[in-house]
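A.B. asks: Sharing a model that was predicted from the sequence below.
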Amino acid sequence: MVQRSVHDYGIDLEMTTFRKQGEIDEGKVFMQLKASDRLRLRPHQAAFSFRVERSDLVLWLAQPLPVILIVYDARKEVAYWV
(Lines give C-alpha, C1' and ligand atoms only; values in the text may rest on other atoms or scores of the structure.)
Protein backbone atom coordinates (compact mmCIF):
# COMPACT_ATOMS: atom_id res chain seq x y z
CA MET A 1 0.00 0.00 0.00
CA VAL A 2 1.28 3.47 -0.91
CA GLN A 3 1.44 5.83 2.02
CA ARG A 4 0.35 9.37 1.29
CA SER A 5 2.35 12.19 2.73
CA VAL A 6 0.35 14.88 4.47
CA HIS A 7 2.57 17.53 2.90
CA ASP A 8 3.66 17.65 -0.73
CA TYR A 9 5.82 20.66 -1.44
CA GLY A 10 6.77 21.92 -4.88
CA ILE A 11 8.05 19.95 -7.85
CA ASP A 12 9.55 16.46 -7.41
CA LEU A 13 12.11 16.41 -10.23
CA GLU A 14 13.86 18.82 -12.59
CA MET A 15 15.39 17.61 -15.86
CA THR A 16 18.00 19.45 -17.89
CA THR A 17 18.58 18.44 -21.51
CA PHE A 18 21.79 18.51 -23.54
CA ARG A 19 22.62 18.94 -27.21
CA LYS A 20 24.63 16.42 -29.22
CA GLN A 21 27.75 18.55 -28.75
CA GLY A 22 27.32 18.33 -24.96
CA GLU A 23 26.05 21.88 -24.50
CA ILE A 24 23.31 22.34 -21.93
CA ASP A 25 19.96 23.49 -23.36
CA GLU A 26 18.29 26.50 -21.85
CA GLY A 27 15.42 25.82 -19.47
CA LYS A 28 14.29 22.70 -17.69
CA VAL A 29 11.42 20.25 -17.68
CA PHE A 30 9.70 19.72 -14.33
CA MET A 31 8.17 16.42 -13.21
CA GLN A 32 5.62 15.74 -10.51
CA LEU A 33 5.12 12.18 -9.27
CA LYS A 34 1.80 11.00 -7.85
CA ALA A 35 1.22 7.39 -6.78
CA SER A 36 -1.90 5.36 -6.19
CA ASP A 37 -2.73 1.79 -5.29
CA ARG A 38 -6.30 2.33 -6.51
CA LEU A 39 -5.80 3.46 -10.10
CA ARG A 40 -8.79 2.43 -12.22
CA LEU A 41 -7.87 1.48 -15.74
CA ARG A 42 -10.77 0.35 -17.88
CA PRO A 43 -10.15 -2.35 -20.50
CA HIS A 44 -9.73 -1.10 -24.08
CA GLN A 45 -9.40 2.56 -23.06
CA ALA A 46 -6.28 4.64 -23.63
CA ALA A 47 -7.09 7.15 -20.87
CA PHE A 48 -8.01 7.28 -17.19
CA SER A 49 -8.95 9.97 -14.72
CA PHE A 50 -6.80 10.93 -11.77
CA ARG A 51 -7.85 13.48 -9.17
CA VAL A 52 -5.32 16.17 -8.23
CA GLU A 53 -5.53 18.95 -5.70
CA ARG A 54 -6.49 22.35 -7.04
CA SER A 55 -3.45 23.90 -5.35
CA ASP A 56 -1.17 21.47 -7.26
CA LEU A 57 -2.81 22.33 -10.58
CA VAL A 58 -2.49 26.07 -9.91
CA LEU A 59 1.22 25.61 -9.12
CA TRP A 60 1.89 23.56 -12.26
CA LEU A 61 0.03 25.94 -14.56
CA ALA A 62 1.92 28.92 -13.11
CA GLN A 63 5.30 27.44 -14.04
CA PRO A 64 7.07 29.11 -16.97
CA LEU A 65 8.28 25.69 -18.16
CA PRO A 66 6.44 22.38 -18.75
CA VAL A 67 5.39 20.17 -15.85
CA ILE A 68 4.99 16.47 -16.66
CA LEU A 69 2.61 14.61 -14.36
CA ILE A 70 3.74 11.03 -13.72
CA VAL A 71 1.07 8.76 -12.22
CA TYR A 72 2.42 5.56 -10.68
CA ASP A 73 0.16 2.51 -10.31
CA ALA A 74 1.66 0.88 -7.21
CA ARG A 75 -0.24 -2.40 -7.59
CA LYS A 76 0.96 -3.02 -11.15
CA GLU A 77 4.29 -1.20 -10.72
CA VAL A 78 3.66 0.81 -13.88
CA ALA A 79 3.97 4.57 -14.45
CA TYR A 80 2.04 6.78 -16.90
CA TRP A 81 2.83 10.36 -17.86
CA VAL A 82 0.92 13.36 -19.12
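C.D. replies: Perfect, I can see it now.
A.B. asks: Surely Glu14 touches Lys28?
C.D. replies: Yes. Using CB atoms under 8 Å, Glu14 makes contact with Lys28 at a distance of 4.9 Å. In short, each C-beta sits where N, CA and C put it, glycine included.
A.B. asks: Leaving out chain neighbours, which residue sits closest to the residue nearest the centre of the chain?
C.D. replies: Geometric centre of the chain, nearest residue: Leu69, 2.3 Å, by CA atoms, centre = their mean. Leaving aside its sequence neighbours, Leu69 sits nearest to Val82 (CB to CB, 6 or more residues apart in numbering; 4.6 Å).
A.B. asks: For Arg27, which non-adjacent residue is spatially closest?
C.D. replies: One correction, residue 27 is Gly, not Arg. That would be Leu65: by CB to CB, 6+ apart, it lies 5.3 Å from Gly27.
A.B. asks: In three-state terms, label that neighbour for me.
C.D. replies: Secondary structure of Leu65, reduced to three states by DSSP: H, G, I helix; E, B strand; the rest coil: coil.
A.B. asks: Next up, the contacts around it.
C.D. replies: 27-30 (CB atoms under 8 Å, 6 or more residues apart in numbering).
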